[in-house]
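A.B. asks: predicted model and sequence below, questions to follow.
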Amino acid sequence: QVQLVESGGGSVQAGGSLRLSCEASGFTYSRYCMGWFRQAPGKEREGVANITSDGRPIYQDSVKGRFTISRDNAKNTLDLQMNSLKVEDTAMYYCAARAVWFCAPGPFNYWGQGTQVTVSS
């Protein structure tokens, strides 16, 4: 069965860094658009960054220049390097997969359980 397992969340002070990882299994990973999403308490879930099957990143404006998404199609892994973290980055972060090559707009098929990121001032 499909599994997406996130890790790497935690607590950090503003200005610090964290690296999130997602291990995928149960589907042809290399053919999927992958993404990181987040949801803060009381807010809607929002996209953070997507990456096409061939490794091209797409970022939400608020994280450009601070976050880097990457994938390893040989290891079925997805990473999100988060630098210069801000208090407003505090949220549950989710890994997701969509059965398209180039991350065209649309719903994601599979979701992980999430990992919490907390940034304090």
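C.D. replies: Arrived safely.
A.B. asks: residue contacts, the closest residue to residue 114 other than its chain neighbours?
C.D. replies: Among residues not flanking residue 114 along the chain, residue 92 sits closest, at 4.3 Å (Cβ to Cβ, 6 or more residues apart in numbering). For glycine as for every other residue, the C-beta is placed from the backbone atoms N, C-alpha and C. Shown in contact with residue 92 (Cβ atoms under 8 Å, 6 or more residues apart in numbering): 38, 39, 40, 114, 115, 116, 117.
A.B. asks: surely the second one touches residue 47?
C.D. replies: Looking back up the chat, that one is residue 39. No. Using Cβ atoms under 8 Å, residue 39 is not in contact with residue 47; the gap is 10.7 Å.
A.B. asks: between those two, which is the more surrounded one?
C.D. replies: Counted by other Cβ atoms under 10 Å, residue 39 and residue 47 do not tie: residue 47 has more neighbours, with 17 against 14.
A.B. asks: ok, now how distant is the more buried one from residue 97?
C.D. replies: Computed with Cβ to Cβ, to the nearest Å, the distance linking residue 47 and residue 97 is 13 Å.
A.B. asks: ok, now residue 107?
C.D. replies: 11 Å.
A.B. asks: also residue 81?
C.D. replies: If you go by Cβ to Cβ, the gap between residue 81 and residue 97 works out to 19 Å.
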